[in-house]
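After the sequence you'll find the predicted model.
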Amino acid sequence: MIIEEANLDGVNLDGVILDEVIVDEIVVVESAEDHDPSTHDAGQDDAAADESATRELAADTVLSLSGLVKKFGSVIAVDGVDLEVRRGGFYGIVGPNGAGKTTTLSMITGLVRPDEGVVLVNGHDVWKDPVEAKRIIGVLPDKLRLFERLTGRQLLQYSGSLRGLKGQVVRERTDELAEAFGIHDALNRLVSDYSAGMTKKVALAASMIHSPRLLVLDEPFESVDPVSADTVTEILQKYVSAGGTVVLSSHSMDMIERVCDGVAIIVHGRVLSSGTVDHVRNGSTLEDRFIELAGGHKAVEGMEWLLSSLD
Ligand SMILES: Nc1ncnc2c1ncn2[C@@H]1O[C@H](COP(=O)(O)OP(=O)(O)OP(=O)(O)O)[C@@H](O)[C@H]1O
């Protein structure tokens with residue numbers, strides 16, 4: 001099905017292809033009744049880490065990670081991550097600093113090559129079939145390395161052209177996105193002169209301009225003020241209700257609890273719990289569950305030198 005008309009308060013989703021199901025490359029090795037790969041708890045299924053990449057994909061799976069491993073020298077950043085995200089899902093990845101979230105997202109989007117494991121986007125292997133996989137994805141990367149000597153308008157036009165959109169379409173979408181994100185007045189200023197929040201918003205707009213089926217967003221709310229965060233959330237919710245899929249990382253447990261339907265807690269490069277938000281928080285708050293799985297609250301000791309200097 002192709003959306004013929006769907007407006008997100010000015011962000012037009014015309015032409016978004018929603019439910020193309022690609023099954024040719026999928027090999028079924030077990031039935032759906034045997035195993036629900038979208039739900040996981042530490043210790044329950046270590047054997048799953050040994051599965052080959054040819055495990056079953058549900059027909060509506062848009063993103064599948066299996067056995068992802070990434071090492072940087074002696075640091076194991078990602079240590080056997082398996083995840084599945086369904087079409088129309090709003091999926092949060094949380095974890096302490098250095099847990100491996102950005103590395104995982106970077107392997108999904110083709111920015112970091114995994115040492116082991118497979119990433120399938122709509123059935124396309126990101127590393128074997130990158131053109132098809134990347135066509136479907138919109139990316140908000142970590143450390144926003146943007147062309148800062150462009151104006152916001154030029155940056156969005158560049159992003160749209162790179163994605164093969166016609167000039168007129170790019171111009172219209174640039175205006176609609178800028179309006180929706182509240183940066184229209186700044187479109188003719190250099191991105192290097194943008195505040196951190198404005199930079200995040202123009203990068204978010206750039207990630208959406210080609211109306212991707214899957215948005216992979218690394219900390220989209222970092223530096224964004226609360227009012228703007230509400231607007232961004234609303235845009236993403238409408239995108240999801242139109243059939244798009246969002247995978248994001250965030251340190252805001254409150255936001256994840258409010259807007260996400262699925263979540264994974266990653267600690268030391270491993271998924272310790274994943275599934276629906278209710279499943280993961282297990283009767284507690286997501287924040288408490290996160291702290292528990294991350295090793296609990298650590299008492300601060302020492303640093304008398306800092307306190308004594310205040311006398
Ligand atoms: N390019 C790199 N070279 C060396 N080590 C790296 C590199 N990228 C990540 N790491 C290491 O991999 C681990 C995971 O880092 P990553 O950025 O994925 O964590 P994160 O969960 O996104 O953290 P944060 O919440 O602080 O953004 C860390 O120990 C980090 O130092």
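Everything's here; your move. All of these numbers come straight from a predicted model, not from anything done at the bench.

so I235 is in which element?
helix 226-241 (DSSP states H and E).

meant to ask about E292
Per DSSP H and E: helix 286-293 holds E292.

Which elements pack onto that helix?
Counting contacts by 3 or more Cβ pairs under 8 Å, 6 or more residues apart in numbering; DSSP states H and E, helix 286-293 packs against helix 253-259, strand 262-267, strand 270-276, helix 277-281. Just so you know, the C-beta spots here come from the backbone N, C-alpha and C atoms, and that holds for glycine as well.

Who are the packing partners of the next helix or strand along the chain from that helix?
As assigned by DSSP H and E, the chain's next helix or strand after helix 286-293 is helix 304-308. Contacting helix 304-308 under the criterion 3+ Cβ pairs under 8 Å, 6+ apart is no other helix or strand.

tell me the mean pLDDT over helix 304-308?
For helix 304-308, the mean pLDDT works out to 80.

Give me the buried positions along it.
Neighbour counts over helix 304-308 (16 or more other Cβ atoms under 10 Å) mark no residue as buried.

And for stretch 59-79?
61-70, 76-79.

How about stretch 262-269?
Counting neighbours by 16+ other Cβ under 10 Å, stretch 262-269 gives 262-269 as buried.

is the ligand contacted by that stretch?
No: shown here: stretch 262-269 not in contact with the ligand (Cβ under 6 Å from any ligand atom), separated by at least 6.8 Å.

Just the CA trace of that stretch, in CSV.
Extracted C-alpha coordinates of stretch 262-269, given in CSV (Å, rounded to 0.1, in the frame of the first residue of the first chain):
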residue,chain,number,x,y,z
GLY,A,262,8.8,-1.6,22.7
VAL,A,263,12.1,-1.2,24.5
ALA,A,264,15.4,-2.9,25.0
ILE,A,265,17.8,-2.3,27.9
ILE,A,266,21.4,-2.8,26.9
VAL,A,267,24.2,-3.1,29.4
HIS,A,268,27.8,-3.8,28.6
GLY,A,269,26.8,-4.5,25.0
